[in-house]
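*Asks:* what's the 3D shape of this:
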Amino acid sequence: MSAELITRGTGVAPKRSVTGLIILLTAICVADGFDLTVFAAALPVLLKTQKWGITAVSAGNVASIQMVGLLVGALVSGYLGDRFGRRNTAIGNLVVFSVFTGLVAVAPNLAVVAALRFLGGLGLGGIIPVLIALVAEYSPADRRYLNNTIMLAGTGVGAFLAPLSGALLLSHADIRWLFAEGGFVALLVLVPLAVLFLPESAHFLRARGRTDDADRLADRYGLTGTPDEESHPHEAKVRIRSLFTGPLLLRTLAILIAEFFVFGIALGFLTTWLPQYLVLGGFQISSALVFSTVTGIAMVVGGVLGGMLQDRLGAKPVVIGYSLLGSVGLLVLGFALQAPAVIYVVVFVLGFANMLYLIHGLVANSYPAEARSTMLGLAFGVGRVGAIVATLAGGWLVAAHLEPRWNFWAWIVPMLVPALALAFVRVDRTVAARSAESARAEVQTQS
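*Replies:* Got it, this is the predicted structure:
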């Protein structure tokens, strides 16, 4: 069969801006980040007022059940996106996490809360892999990584808004209605916008034989493609085992190892245990919380700048560079615990060097379109396991009563693993670079 462009450039100006699509996807990520952290934001008040008879132990159980939902959602949703369409899967996940988060506000007891957080976790864990796949397809070749990190930064914004909204709500309403705000605002605002404006994957449509629909989307968004991205109807059914055969085997293994440790560092170390390690190092709790804010800001700044660098230098070199930078930061942090001014700088560097936003763009642009959502879902699932393991390991370090600096130095090797896993495997710019080259060649031919 002769190769044809999966999405084509017609020379006609795009009728719809990709920027508008990125704004919509970023807004969905804000809702995802809000609903993901809303339970943690409400927890101090829930424990103080003993809503639903909640205790510290039962709260931990609810959080663990939600984590299981996130894991299952990530593993299943990527596969569904490649089988049934990314638009449908994204909207379905958005509806699921919005509805089940909102219903927590009227839950009669803690058992129902736990069930709702698990069901909501299915949507929360499943939507991001599908959105990343859409960004990879609809972004211009020279902005795929930047657009990806801008979108993912929305989850960080949502995570900041949840406790802020809780503080504002507490003075005049029951804290449980924080869940209603997180759920039903997204349901009433973002779901209709997604139904109206979220496009289906052009690759998916062509794989289903809907060539005219795919061409219309290509014209609307000014898409271009390359023969190696072509999908045919018989390729529409993606099997996970195909990711572990032939030339994809080493790539998949390297990426999954990297994802395991990237998630672990970001969620287990930076988000969960870094404040406590600083307290053990002699800082006040209030100072440790300030450091958490610094880390969060640095993660957004480092992610967006890293996306820009990935578009110019390639995805793999930037991830490796961030891995090495973070390792140096951990080493310095262990020596600088008695120098508060230095600590602020080093903590910012650690947040900046967070690889979580960068690794997902690498995955999305390293696999053919027909397998992209499946691989992203698998990567997120493995990453969630890494976060669970790292969170447990962080607690073991505290229980071991080590000298404070070793609480940081113990994470140096995990920080280096992504660089080591990716160093000798070809994973970056395998799709984006060829798309850019094809577009340039087409322009030269027409001129």
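*Asks:* Verify the contact between residue 78 and residue 128 for me.
*Replies:* No - counting by C-beta atoms under 8 Å, residue 78 sits too far from residue 128 to count as a contact (9.7 Å). Just so you know, the C-beta spots here come from the backbone N, C-alpha and C atoms, and that holds for glycine as well.
*Asks:* Give the residues shared as contacts by the two.
*Replies:* Each of residue 380 lies in contact with both residue 78 and residue 128 under the rule C-beta atoms under 8 Å, 6 or more residues apart in numbering.
*Asks:* Name all residues that make contact with residue 333.
*Replies:* So residue 333 contacts 343, 346-347, 350, 405, 408 (C-beta under 8 Å, 6+ apart).
*Asks:* Please disregard the earlier target; I meant residue 388.
*Replies:* Counting by C-beta under 8 Å, 6+ apart, residue 388 touches 67, 268.
*Asks:* Now whichever strand or helix holds it: average pLDDT?
*Replies:* Assigned by DSSP states H and E, residue 388 belongs to helix 369-399. For helix 369-399, mean pLDDT is 84.
*Asks:* Please tabulate the contacts of residue 333 in JSON lines, including the columns neighbour count.
*Replies:* Shown next, in JSON lines, are those (neighbours: other C-beta atoms under 10 Å):
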{"residue": "343", "neighbour count": "20"}
{"residue": "346", "neighbour count": "22"}
{"residue": "347", "neighbour count": "24"}
{"residue": "350", "neighbour count": "29"}
{"residue": "405", "neighbour count": "17"}
{"residue": "408", "neighbour count": "25"}
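*Asks:* Including pLDDT, distance to residue 163 and secondary structure, could the residues you listed go into TSV?
*Replies:* Supplementary listing: those in TSV, determined by pLDDT from 0 to 100; distance: C-beta to C-beta, whole Å; DSSP: H, G, I helix; E, B strand; the rest coil:
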residue	pLDDT	distance to residue 163	secondary structure
343	87	23	helix
346	91	25	helix
347	88	19	helix
350	92	21	helix
405	90	30	helix
408	91	26	helix
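*Asks:* List just the nearest of those to residue 259.
*Replies:* Closest approach to residue 259 among the contacts of residue 333 (C-beta to C-beta): residue 350, at 19.0 Å.
*Asks:* my read: the closest one touches residue 327, true?
*Replies:* No - the criterion here is C-beta under 8 Å, and residue 350 misses it with residue 327 at 10.0 Å.
*Asks:* What residues sit buried inside the helix holding residue 388?
*Replies:* Residues 369-391, 393-394, 397 are the ones in helix 369-399 that count as buried (16 or more other C-beta atoms under 10 Å).
*Asks:* What of stretch 78-92?
*Replies:* By neighbour count on 16+ other C-beta under 10 Å, the buried set for stretch 78-92 is 78-82, 85-92.
*Asks:* Then stretch 30-50?
*Replies:* 30-43, 45-46.
*Asks:* do the same with stretch 241-256
*Replies:* Applying 16+ other C-beta under 10 Å to stretch 241-256 flags 242-243, 248, 251-252, 254-256 as buried.
*Asks:* Show the average pLDDT along that stretch.
*Replies:* With pLDDT averaged residue by residue, stretch 241-256 scores 87.
*Asks:* Quote the end-to-end distance of that stretch.
*Replies:* 14 Å (C-alpha to C-alpha, to the nearest Å).
*Asks:* Start at 27, not 1
*Replies:* From this message on, residue numbering opens at 27, which makes the last subject stretch 267-282.
*Asks:* Show me where the stretch 227-376 of the chain dips below the pLDDT cut-off.
*Replies:* Applying pLDDT under 70 to the stretch 227-376 of the chain flags the ranges 250-265, 310-315, 318.
*Asks:* Report the two of the buried residues of stretch 267-282 separated the most.
*Replies:* Pairwise distances across the buried residues of stretch 267-282 peak at 16.7 Å for 268 and 280 (criterion: C-beta to C-beta).
*Asks:* which residues in the stretch 327-473 of the chain form strands?
*Replies:* Ranges of strands within the stretch 327-473 of the chain: none, based on DSSP state E, counting those that start in this stretch.
*Asks:* which residues of it fall in helices?
*Replies:* 341-361, 366-378, 382-390, 395-425, 430-435, 438-449, 458-472 (DSSP state H, counting those that start in this stretch).
*Asks:* Make CSV out of those helices and add distance to residue 223.
*Replies:* Below are the helices of the stretch 327-473 of the chain laid out as CSV (distance: least, C-beta to C-beta, whole Å):
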stretch, distance to residue 223
helix 341-361, 28
helix 366-378, 33
helix 382-390, 21
helix 395-425, 20
helix 430-435, 45
helix 438-449, 35
helix 458-472, 24
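*Asks:* which one of the buried residues of stretch 104-118 is nearest residue 286?
*Replies:* Nearest to residue 286 among those, counting by C-beta to C-beta, is residue 104 at 16.2 Å.
*Asks:* how close does the closest residue to residue 389 other than its chain neighbours sit to residue 65?
*Replies:* Spatial nearest neighbour of residue 389, excluding adjacent residues (C-beta to C-beta, 6 or more residues apart in numbering): residue 405 at 5.2 Å. Between residue 405 and residue 65 the computed distance is 25 Å (C-beta to C-beta, to the nearest Å).
*Asks:* same check, this time on residue 74
*Replies:* For residue 74, the distance to residue 65 (C-beta to C-beta) stands at 15 Å.
*Asks:* before we move on, what about residue 105?
*Replies:* Residue 105 sits 27 Å away from residue 65, going by C-beta to C-beta.
*Asks:* and residue 361, what does it touch?
*Replies:* residue 431.
*Asks:* Go again with 10 Å.
*Replies:* The contact partners of residue 361, by C-beta atoms under 10 Å, 6 or more residues apart in numbering, come to 368, 372, 431, 434-435.
*Asks:* What of residue 181?
*Replies:* Residues near residue 181 by C-beta under 10 Å, 6+ apart: 52, 54-60, 62-63, 150, 154, 325-326, 329, 382-383.
*Asks:* Give me the nearest residue to it, chain neighbours excluded.
*Replies:* residue 59 (3.6 Å).
*Asks:* Equivalent analysis for residue 433, please.
*Replies:* In space, and not counting its chain neighbours, residue 433 is closest to residue 303: 4.3 Å by C-beta to C-beta, 6+ apart.
*Asks:* The one you found sits in which helix or strand?
*Replies:* Using DSSP H and E, residue 303 falls in helix 300-306.
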